[in-house]
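A.B. asks: let's see this in three dimensions:
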Amino acid sequence: MNAIPVINLFNKPCYSQFDDQDWDILARHWYPVARIQDVSTQPQQVTLLDVKLALYKTESGDIHLVRDICPHRGVPLTKGWVSGENLVCPYHGLHYNGQGKCIKIPAQPELTSISERFSLTKFPVVRKYGLIWTSIFGRDESKANFPVLDTWEMSDHQAILPPFVDIAGSSGRQLEGFIDVAHFAWVHQGSFADPENQVVPKYTTARTDYGLHTEYVSSVSNYPHGMQDLAPEGFLWKRVFDVYPPFSAVLTVHFPEQGQLKILNACCPVSHNKTRLFVPLTRNFDTTGDLQAVYDFNAQIFAEDQDMVESQKPEELPLDISMEAHFEADRSSTTYRRILAEWGLSKRYVV
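C.D. replies: The predicted model follows:
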């Protein structure tokens, strides 16, 4: 992937536990920070790489994302409110327009020209897959390594956006767990896997211009327990993983009768050991089925994974391959680690 130009808006927050170089590299990339449906005219705080942001919608429906701090006296703007198309600071009533420019200081109404020093730090907003995406340093979305969920707007596929999941673990560990195929029989016994079906058939992994592509075929059914009889006898399940570093991946599961389920695993690295996980998904079967059942099954699977991710030591994902042992079924994981290391992320990568 090509180098990404950097716009230095500010330095890493002083309380952040990220390595300086790691933070600088990660700040160039794009991440989801919220579901579009959760954005309102009441400003809400979201956090990305330890940077606190204020996310809000104006009365016309425009969505804005700014640093959650008023440049006048440092009060969080999320304590304020929206008035028409403006964001109002609660401390002294300063009004900020959609471009982040201060247009009104109530204490001095006679001012006709307000200093640019009162301007907010704005961040880009991209709407994709029902989510709000942004970047701290990135400004050109055409250069972003967005994951591709091509079925999201297809008429014959149902688009579903479950609630996000907060994980007390690193985004690197979570993403690696998502693409791991050897843990099914051990971690997901309660949801879909067979504890007796433990063998991982050999599979292929290839690097791509966006990250890596893995194709895995096995007899492990993707149906929940209680629905396993829906799979034809002898049916082989093909799972395709497309990984978009640093922290997104799309899993495509091929079901019987040309059924297709696509799951986007998109991490927001809130902090070095905290992740907000968004999981948009699509399916072209059972499109009128119970959505709550989908939410519940999805939540069960990620809760099973979450228990492992939150307990892993070290918390960070070791990019020095020699720091942990590996077997053949780990080929996707080790390829993912090598890509991150080649980006210049530190070997002791604190994320």
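A.B. asks: count the residues that sit near Val39.
C.D. replies: Neighbourhood size, Val39 [other C-beta atoms under 10 Å]: 22. In short, each C-beta sits where N, CA and C put it, glycine included.
A.B. asks: now it: phi and psi?
C.D. replies: Phi and psi for Val39, reported as degrees, to the nearest 10, are phi -80, psi 140.
A.B. asks: quick check: it vs Ala299, distance?
C.D. replies: Distance, Val39 to Ala299, using C-beta to C-beta, to the nearest Å: 22 Å.
A.B. asks: now do the helices in the chain.
C.D. replies: 20-26, 171-178, 184-187, 291-309, 331-342 (DSSP state H).
A.B. asks: deepest in the core, which of those is it.
C.D. replies: helix 171-178 (a mean of 25; mean count of other C-beta atoms under 10 Å).
A.B. asks: now that helix: average pLDDT?
C.D. replies: What helix 171-178 shows for mean pLDDT is 96.
A.B. asks: swap in stretch 72-92?
C.D. replies: Mean predicted confidence for stretch 72-92 is 97.
A.B. asks: now swap in stretch 202-216 and tell me
C.D. replies: Here the average pLDDT along stretch 202-216 is 97.
A.B. asks: when you give positions from now on, start the count at 686
C.D. replies: Understood, numbering begins at 686; the last thing we discussed is stretch 887-901.
A.B. asks: residues making contact with that stretch?
C.D. replies: With contacts defined as C-beta atoms under 8 Å, 6 or more residues apart in numbering, stretch 887-901 is touched by 686, 830, 833, 864, 866, 886, 902, 923-930, 1013-1014, 1016-1017, 1020-1021, 1024.
A.B. asks: give me the neighbour count for Arg713.
C.D. replies: Neighbours around Arg713, by other C-beta under 10 Å: 19.
A.B. asks: now the strands for the stretch 686-835 of the chain?
C.D. replies: Assigned by DSSP state E, counting those that start in this stretch, the strands in the stretch 686-835 of the chain fall at 716-720, 729-733, 736-742, 748-752, 766-768, 771-773, 780-781, 787-789, 811-813, 816-819.
A.B. asks: strand partners (parallel or antiparallel) of the second one?
C.D. replies: For strand 729-733, sheet partners with direction are given as strand 736-742 (antiparallel), following DSSP bridges.
A.B. asks: which positions in the strand it pairs with come out as buried?
C.D. replies: Within strand 736-742, the residues scored as buried using 16 or more other C-beta atoms under 10 Å are Val736, Leu738, Ala739, Leu740, Tyr741, Lys742.
A.B. asks: now render those as TSV, adding pLDDT and distance to Leu711.
C.D. replies: Listed next are the buried residues of strand 736-742 as TSV, based on pLDDT from 0 to 100; distance: C-beta to C-beta, whole Å:
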residue	pLDDT	distance to Leu711
Val736	97	11
Leu738	98	15
Ala739	98	21
Leu740	98	20
Tyr741	98	25
Lys742	98	27
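A.B. asks: distance to Leu1004 added to these, as TSV?
C.D. replies: Shown next, in TSV, are these (distance: C-beta to C-beta, whole Å):
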residue	distance to Leu1004
Val736	23
Leu738	27
Ala739	33
Leu740	31
Tyr741	37
Lys742	39
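A.B. asks: please identify which of these is nearest to Val964.
C.D. replies: Leu740 (19.4 Å; C-beta to C-beta).
A.B. asks: who does the longest strand anywhere in the chain pair up with?
C.D. replies: Longest strand of the chain, by residue count under DSSP state E: strand 945-956. Strand 945-956 sits in its sheet next to strand 933-939 (antiparallel), strand 959-963 (antiparallel), strand 966-968 (antiparallel), going by DSSP bridges.
A.B. asks: what mean pLDDT does that strand get?
C.D. replies: The model assigns strand 945-956 a mean pLDDT of 98.
A.B. asks: got it, and stretch 700-710?
C.D. replies: Here the average pLDDT along stretch 700-710 is 93.
A.B. asks: check stretch 969-977 too.
C.D. replies: 89.
A.B. asks: pick out the residue nearest the middle of the chain.
C.D. replies: A centroid search over the chain (C-alpha atoms, centre = their mean) returns Cys952, at 2.4 Å, as the residue closest to the centre.
A.B. asks: and that residue, what does it touch?
C.D. replies: Per C-beta under 8 Å, 6+ apart, neighbours of Cys952: Tyr716, Ser856, Gln859, Leu860, Phe932, Ser933, Thr960, Arg961, Leu962, Phe963.
A.B. asks: ok, now which ones touch the last one?
C.D. replies: Phe963 sits next to Pro717, Arg720, Leu816, Leu846, Phe849, Leu949, Ala951, Cys952, Cys953 when contact means C-beta under 8 Å, 6+ apart.
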